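Enquirer: please work out how this folds:
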Amino acid sequence: MESTLILVGGIILVALVFDFVNGFHDAANSIATVVATKVLTPTQAVLWAAGFNFIAAFSVGTGVAKTVGAGMIDLQYVTPLVILAGLVGAITWDLITWWLGLPTSSSHALIGGYAGAAIARVAHLRGLDRSFDVLIGGAWIKTPMFIVIAPLMGMALAYGLMIAVYWIFRKARPDKMDRYFRRLQLVSSAALSFSHGANDAQKTAGIITGVLVTSGMLAKFEVPAWVIFVSYGAIALGTMTGGWRIVNTMGSRLTKLKPRSGFCAETAAAISILFATEYLKLPVSTTHVTAGAIAGVGSIQRMKAVRWGVATNILWAWILTIPASAVVGWLTMEGIQLFTNGN
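Expert: Sure thing, here's the model as predicted:
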């Protein structure tokens with residue numbers, strides 16, 4: 001029993017490390033626009049974002065946590081070590097893309113790493129031809145679909161908001177208009193940080209709850225209050241460390257932003273993420289939605305305003321995230337099985 005407690009405690013610690021990495025990796029998504037438009041300094045922006053990341057813990061349910069923890073992988077094949085291997089896959093891919101300055105999805109890295117580790121486990125137990133029995137089909141149809149739908153949703157909403165802003169303020173001088181939207185960006189960046197915390201911290205909460213269920217410490221999949229608290233705390237702490245490589249890509253390299261366009265991008269991204277969190281109970285990528293929204297506001301004047309070469313690099317990173325993190329998760333699980341004789 002003592003060894004199980006130590007193992008579970010260690011895996012929960014790794015899960016919180018992932019949550020922390022998610023925070024500083026994805027901090028760029030909620031602060032890039034407000035920093036790029038000089039509404040807040042980088043230090044002010046990360047503190048602002050971290051606060052609203054944490055506030056989300058007291059305002060949303062656990063639907064996303066249940067989807068990630070038990071709705072995508074059949075728990076009868078999962079052990080705490082499978083979850084550990086999945087977390088290693090996710091953290092490895094997040095650190096690689098953070099170093100390269102690519103705004104990829106921590107959500108999809110977690111999903112990919114978890115799936116790769118579970119597939120390795122089933123392949124060992126039942127053979128390669130039954131490896132994919134561990135995946136719950138319905139959820140795996142929706143998740144890849146939203147890799148495409150999420151950024152398009154953000155792009156379309158941001159484009160529509162920009163049209164509305166230009167029409168409403170058609171008689172206003174641009175400098176006066178931007179002074180007004182500099183204040184409004186405080187609201188929109190807070191909303192985006194809130195939505196980021198609401199969706200992303202739940203993914204770690206789902207993983208930790210999965211560890212507790214598969215180790216026998218919980219009888220059924222219900223997310224404990226302390227798990228919610230520590231998950232949101234870790235992501236908020238990670239956000240406070242920043243993520244400046246990705247801020248540069250999102251905030252200035254993809255397109256040039258002004259306060260009015262920053263407000264529209266943040267608002268569109270926040271609406272899209274909260275819709276997926278509250279109504280669909282789906283884990284979506286804050287990165288994908290925000291990048292799509294920024295491209296949407298950038299293309300309102302002319303398509304060339306968006307640096308499509310940078311956007312293409314980001315797109316390739318998105319496509320590779322699930323398979324790359326799955327490979328790392330699979331290799332990690334193979335190594336664990338090798339050293340534990342498959343147990």
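
Enquirer: what does the residue of the chain positioned farthest from its centre show for phi and psi?
Expert: Relative to the C-alpha centroid of the chain, counting by Cα atoms, centre = their mean, K171 is the outermost residue, at 39.0 Å. The phi/psi pair for K171 (degrees, to the nearest 10) reads phi -100, psi 0.

Enquirer: for G216, same thing?
Expert: phi 90, psi 10.

Enquirer: and it, how many neighbours?
Expert: 11 (other Cβ atoms under 10 Å). Just so you know, the C-beta spots here come from the backbone N, C-alpha and C atoms, and that holds for glycine as well.

Enquirer: name the element the closest residue to it other than its chain neighbours belongs to?
Expert: What sits nearest to G216 in space, not counting adjacent residues and going by Cβ to Cβ, 6 or more residues apart in numbering, is T4, at 7.8 Å. Following DSSP states H and E, one finds T4 within helix 2-36.

Enquirer: centre of the chain versus that helix, how much separation?
Expert: 11 Å (Cα atoms, centre = their mean, to the nearest Å).

Enquirer: for the residue farthest from the centre of the chain, which residues are in contact?
Expert: With Cβ atoms under 8 Å, 6 or more residues apart in numbering as the criterion, no residue contacts K171.

Enquirer: 10 Å - rerun?
Expert: The contact partners of K171, taken as Cβ atoms under 10 Å, 6 or more residues apart in numbering, are M177.

Enquirer: can you check T277 too?
Expert: Applying Cβ under 10 Å, 6+ apart, the residues near T277 are 56, 60-61, 63-64, 195-196, 198-200, 202, 283-284.

Enquirer: same question for T332.
Expert: 81-82, 84-89, 92, 113, 116-117, 120.

Enquirer: ok, and the closest non-adjacent residue to V327?
Expert: Nearest non-adjacent residue to V327 (Cβ to Cβ, 6+ apart): G116, at 6.1 Å.

Enquirer: show me what contacts that neighbour?
Expert: Counting by Cβ under 10 Å, 6+ apart, G116 has contacts 82, 85-86, 89-90, 322-334.

Enquirer: from those, which land in helices?
Expert: Assigned to helices by DSSP state H, the following of those qualify: 82, 85-86, 89-90, 322-334.

Enquirer: can you name the element that comes right after the helix or strand bottoming out on mean pLDDT in the chain?
Expert: The helix or strand of the chain with the lowest confidence, counting by mean pLDDT, DSSP states H and E, is helix 244-248 at a mean of 48. Counting by DSSP H and E, the next helix or strand C-terminal to helix 244-248 is helix 259-275.

Enquirer: what distance separates the very next helix or strand once past that next one from the centre of its chain?
Expert: Downstream of helix 259-275, the first helix or strand assigned by DSSP H and E is helix 286-298. Centroid displacement of helix 286-298 relative to its chain, using Cα atoms, centre = their mean, is 14 Å.

Enquirer: state the mean pLDDT of helix 286-298.
Expert: On average, the pLDDT along helix 286-298 is 82.

Enquirer: that older thread, most neighbours, which of the contacts of T332?
Expert: G86 (36 neighbours).

Enquirer: and that residue, what pLDDT?
Expert: 94.

Enquirer: quick one: it and K203 touch, right?
Expert: No - judged on Cβ atoms under 10 Å, G86 makes no contact with K203 at a distance of 11.4 Å.

Enquirer: related to what we said a few turns ago, so which bits of the helix or strand that the residue nearest to V327 is a member of are buried?
Expert: Using DSSP H and E, G116 sits in helix 106-126. With burial defined by 16 or more other Cβ atoms under 10 Å, the residues of helix 106-126 counted as buried are 106-123.

Enquirer: stretch 277-289 too?
Expert: Using 16+ other Cβ under 10 Å as the test for burial, stretch 277-289 gives 277, 281-289.

Enquirer: kindly report the same for stretch 62-79.
Expert: Neighbour-count burial for stretch 62-79 [16+ other Cβ under 10 Å]: 62-73, 75, 77-79.

Enquirer: ditto for stretch 179-190
Expert: Applying 16+ other Cβ under 10 Å to stretch 179-190 flags 181-182, 184-185, 188-190 as buried.

Enquirer: isn't C264 right up against A158?
Expert: Yes - using Cβ under 10 Å as the test, C264 is close enough to A158 to be in contact (5.1 Å).

Enquirer: what sits in contact with each of these two?
Expert: With Cβ under 10 Å, 6+ apart, C264 and A158 have common neighbours 293-294, 296-297, 300.

Enquirer: wait, what's in contact with the residue nearest to G216?
Expert: 80, 215-217.

Enquirer: give me the buried subset of the residues you listed.
Expert: Counted by 16+ other Cβ under 10 Å, the contacts of T4 give 80, 215 as buried.

Enquirer: between the contacts of T4, which is closest to I235?
Expert: Nearest to I235, judged by Cβ to Cβ, of the contacts of T4 is P80 at 21.8 Å.

Enquirer: how about the closest one, what does it touch?
Expert: 4, 7-8, 10-12, 210-217.
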